[in-house]
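> Below is the sequence, then the predicted model.
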Amino acid sequence: MRAMVYRGPYRVRVEEKDVPPIEHPNDAIVRVTAAAICGSDLHLYHGLMPDTRVGMTFGHEFIGVVEEVGSSVQNLKRGDRVMVPFNIFCGSCYFCTRGLYANCHNVNPNATAVGGIYGYSHTAGGYDGGQAEFVRVPFADVGPTIIPDWMSDEDAVMLTDALPTGYFGAQLGEIAEGDTVVVFGAGPIGLYAAKSSWLMGAGRVIVIDHLEYRLEKARTFAHAETYNFTEYDDIVVHLKKITDHLGADVAIDAVGAEADGNLLQHVTATKLKLQGGSPIALNWAIDSVRKAGTISVMGAYGPMFSAVKFGDAMNKGLTLRMNQCHVKRQWPRLFEHIQAGYLNPSDIVTHRIPLEHIAEGYHLFSAKLDECIKPIIIPTAS
Ligand SMILES: [Zn+2]
Ligand SMILES: [Zn+2]
């Protein structure tokens, strides 16, 4: 089969690989019909995630058609059109029985730190991902769900990570009726978090980024008030000014560790005189939220981070909430919102790229060329 393969930082290509076999009676093999590149894949692409091995296939956002099932699989059969959550989870451990699928204890030798994720380095279990013609899906009776007939392929792909994660980000913010919510980052997660904030009763939604085309999307897709932080000496002071000098009630960090990889790190290192790679969006959130406010962290961080303004967070009495999203738990509500027309997930998809051209796809997305927001990958076998 053809599959995306990691060859080292900033080097990916399409190679011939064996179709993955059933390794356990609970496995399914899925023929991928669409996959997406995620902002968090760029951390892998940039060589920033520990234990990302040459030869690995990325891709934790994918849908497809069941090709083959193991002998004990009961809920799926060959030919089913399925969506697969990015979390790999067993469904029966301490955490899974509490709905904490992202924290499953049985799917990763590093389970005390992180659960299992498709195509996300050996830190997250070493599973190959779905940017390929075929992918092995463990615990096939637990994670995948048959896509409803009324749902489009592109909406279904957005439901495997980006939309549930954005929605979860807004949920963790514990938004009360009329609250002012500020979202840092206008990538897919930030856009979905902003849109979801309205559904949870926000009275005002503000989105901060530096890419004008993404702020435009935040206005048209999420109906948010937007500010470009490069136009202000200090975006935190500006946010205070426009929120009665108290600050927002809720802040959502949809940026994470890497903060765009270039411009924000450049700003961090040069303009703000902080070390490169400090958690700038998180510190902006801590500074700009009001006392006793809530911060929801959705951006992806590595295991270690320094220079978080933890003392300020403590003295302000902030609530900090975070986790990887338990994707499947979000689906019933999100299906309702999509069917009711409140959410049109595929509105943020900007590029459809054949698998053979995935190297260009990564480059385009990483360099933010051609107003790229969300690229979808189409394998040739589909
Ligand atoms: Zn993702
Ligand atoms: Zn589990």
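Right, received. Where do you want to start? Ligands and ions are numbered 1, 2, ... in the order given.

> could you say which helix or strand contains residue 337?
According to DSSP states H and E, residue 337 maps onto helix 327-339.

> ok, and the closest non-adjacent residue to residue 119?
Closest residue to residue 119 apart from its sequence neighbours, by Cβ to Cβ, 6 or more residues apart in numbering: residue 129 at 1.9 Å. Every C-beta, even on glycine, is put in place using the N, C-alpha and C of the backbone.

> The helix holding residue 337 close to ligand 2?
No. Contact of helix 327-339 with ligand 2 (Cβ under 5 Å from the ion) is absent, the minimum separation being 11.9 Å.

> Return the list of helices and strands in contact with that helix.
Counting contacts by 3 or more Cβ pairs under 8 Å, 6 or more residues apart in numbering; DSSP states H and E, helix 327-339 packs against helix 162-172.

> now the helix it packs on, how far from the centre of its chain.
9 Å (Cα atoms, centre = their mean, to the nearest Å).

> got the angle between it and helix 327-339?
100 degrees (axes from the mean of the first three to the mean of the last three Cα atoms, to 10 degrees).

> Those residues of the chain touching ligand 2, which are they?
Residues of the chain lying near ligand 2 (Cβ under 5 Å from the ion): 89, 90, 93, 96, 104, 106.

> Go ahead and confirm the fifth one touches residue 94.
Read that as residue 104. No. If you go by Cβ atoms under 8 Å, residue 104 and residue 94 don't touch, sitting 9.3 Å apart.

> Using the three-state scheme, assign the residue nearest to residue 119.
Following DSSP: H, G, I helix; E, B strand; the rest coil, the label given to residue 129 is coil.

> Number the residues from 43 up from this point.
Sure thing, new numbering starts at 43, so read that last one as residue 171.

> What residues sit buried inside the strand or helix carrying residue 47?
Taking DSSP H and E as the definition, residue 47 sits inside strand 44-50. For strand 44-50, burial by neighbour count (16 or more other Cβ atoms under 10 Å) applies to 44, 45, 46, 47, 48.

> Can you tell me which helices and strands the next helix or strand after that strand packs against?
Per DSSP H and E, the first helix or strand lying C-terminal to strand 44-50 is strand 53-58. When contacts are defined as 3+ Cβ pairs under 8 Å, 6+ apart, strand 53-58 packs onto strand 44-50, helix 400-408.

> just for the protein, where's the confidence low?
Within the chain, the stretches with pLDDT under 70 are 299-320, 344-348, 423-424.

> ranges for the helices of it?
Remark: helices assigned in the chain by DSSP state H are 81-87, 195-200, 204-214, 230-241, 254-262, 277-283, 305-308, 322-330, 352-357, 369-381, 400-408.

> would CSV of those helices with distance to residue 63 be doable?
What follows is the helices of the chain, written out as CSV (distance: least, Cβ to Cβ, whole Å):
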stretch, distance to residue 63
helix 81-87, 25
helix 195-200, 25
helix 204-214, 30
helix 230-241, 33
helix 254-262, 41
helix 277-283, 51
helix 305-308, 42
helix 322-330, 42
helix 352-357, 47
helix 369-381, 25
helix 400-408, 23
